[in-house]
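Trainee: My questions are about this predicted structure, shown below with the sequence.
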Amino acid sequence: MGEWISTTTVHKGTIITVKTASRLGIDGRVHPFDIVEHHGGVAVVPLLGDRVLLVRQPRPVAGRVLLEIPAGKLEGPDDDIVARAQSELSEEVGYRAGQLVPAAEFFVSPGYCTERIHVFLGLDLEPVAADPDADEEIERVELTLPEVRRMLDERQFHDSKTIIGLRELLAWLERGK
């Protein structure tokens, strides 16, 4: 893959760090890169009987309101992924999972960003008090499995973690768990 020759931080924000870098390729040439560093995140597909719990929330950067699975960012490289998944689930939809099944792990955009999302299936849900972050404007939405299938087929979801998580849930159910 080559080796990094130089890396310069050009912006350090509260969620991301942006760097410019140069890498020596296997072809012997120097290749420039822009890198967005992000600690990553977790997401949970909560299954409650034959219903999936989602959240509808405004996403100003995307310029629209999106329907998503509960999710949140990791606070740092040592953040406990399972604990963070449980925390986001309880905060956003008011449930705790008796079982978190790893479903997917993916880089959001590996050409320039380090953000990696860990997706779990949330099973054996038990109600707890929902406690969204003060800056979150979320509405809990329950969809039946047939509604989820139809909406996926009609491309009504516009968030990658949600699409991946819901497809993983349907595949898991089709395999017989």
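Mentor: Perfect, I can see it now.
Trainee: For G41, which residues are in contact?
Mentor: By CB atoms under 8 Å, 6 or more residues apart in numbering, the residues touching G41 are 71-74, 115-118, 161. C-beta here means a position set from N, CA and C on the backbone, and glycine is covered the same way.
Trainee: do that again at 7 Å, thanks
Mentor: 71-74, 115, 117 (CB atoms under 7 Å, 6 or more residues apart in numbering).
Trainee: Kindly indicate the member of the residues you listed with the most neighbours.
Mentor: A71 (23 neighbours; other CB atoms under 10 Å).
Trainee: For the residue nearest to that one when sequence neighbours are not counted, give me phi and psi.
Mentor: In this structure, A71 finds its nearest non-sequential neighbour in A43, 3.7 Å apart by CB to CB, 6 or more residues apart in numbering. When read as degrees, to the nearest 10, the backbone of A43 gives phi -150, psi 150.
Trainee: and if you look at A85?
Mentor: phi -60, psi -50.
Trainee: Now do it, the pLDDT please.
Mentor: For A85, the model assigns a pLDDT of 98.
Trainee: Ok, M1 next?
Mentor: pLDDT, read off for M1, is 67.
Trainee: Now do the buried residues in stretch 4-24.
Mentor: 16, 18-19, 23 (16 or more other CB atoms under 10 Å).
Trainee: So which of those sit within helices?
Mentor: Using DSSP state H, no member of these falls in helices.
Trainee: Could you look up the SS state of the residue of the chain positioned farthest from its centre?
Mentor: For the chain, the largest distance from the centre (CA atoms, centre = their mean) belongs to G28, which lies 36.4 Å off. Under DSSP: H, G, I helix; E, B strand; the rest coil, the three-state class of G28 is coil.
Trainee: before we move on, what about E92?
Mentor: Following three-state DSSP, E92 is assigned to helix.
Trainee: Need phi/psi at the residue farthest from the centre of the chain.
Mentor: Torsion angles, degrees, to the nearest 10, at G28: phi 90, psi 0.
Trainee: got it, and Q86?
Mentor: According to degrees, to the nearest 10, Q86 has phi -60, psi -40.
Trainee: How many neighbouring residues does it have?
Mentor: 20.
Trainee: same thing with A171?
Mentor: 10.
Trainee: Output the longest helix along the chain as CSV - backbone C-alpha positions only.
Mentor: Looking across the chain with DSSP H, the single longest helix is helix 160-174. Coordinates of each C-alpha in helix 160-174 appear next as CSV, following Å, rounded to 0.1, in the frame of the first residue of the first chain:
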residue,chain,number,x,y,z
SER,A,160,-26.6,4.2,4.8
LYS,A,161,-26.5,2.8,8.3
THR,A,162,-30.3,2.4,8.3
ILE,A,163,-30.4,0.7,4.9
ILE,A,164,-27.5,-1.7,5.8
GLY,A,165,-29.0,-2.4,9.3
LEU,A,166,-32.5,-3.1,8.0
ARG,A,167,-31.3,-5.3,5.2
GLU,A,168,-29.1,-7.2,7.7
LEU,A,169,-32.2,-7.6,10.0
LEU,A,170,-34.3,-9.0,7.1
ALA,A,171,-31.5,-11.4,6.1
TRP,A,172,-31.1,-12.6,9.7
LEU,A,173,-34.8,-13.2,9.9
GLU,A,174,-34.8,-15.1,6.6
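Trainee: Before I go, just wanted to say thanks for your time.
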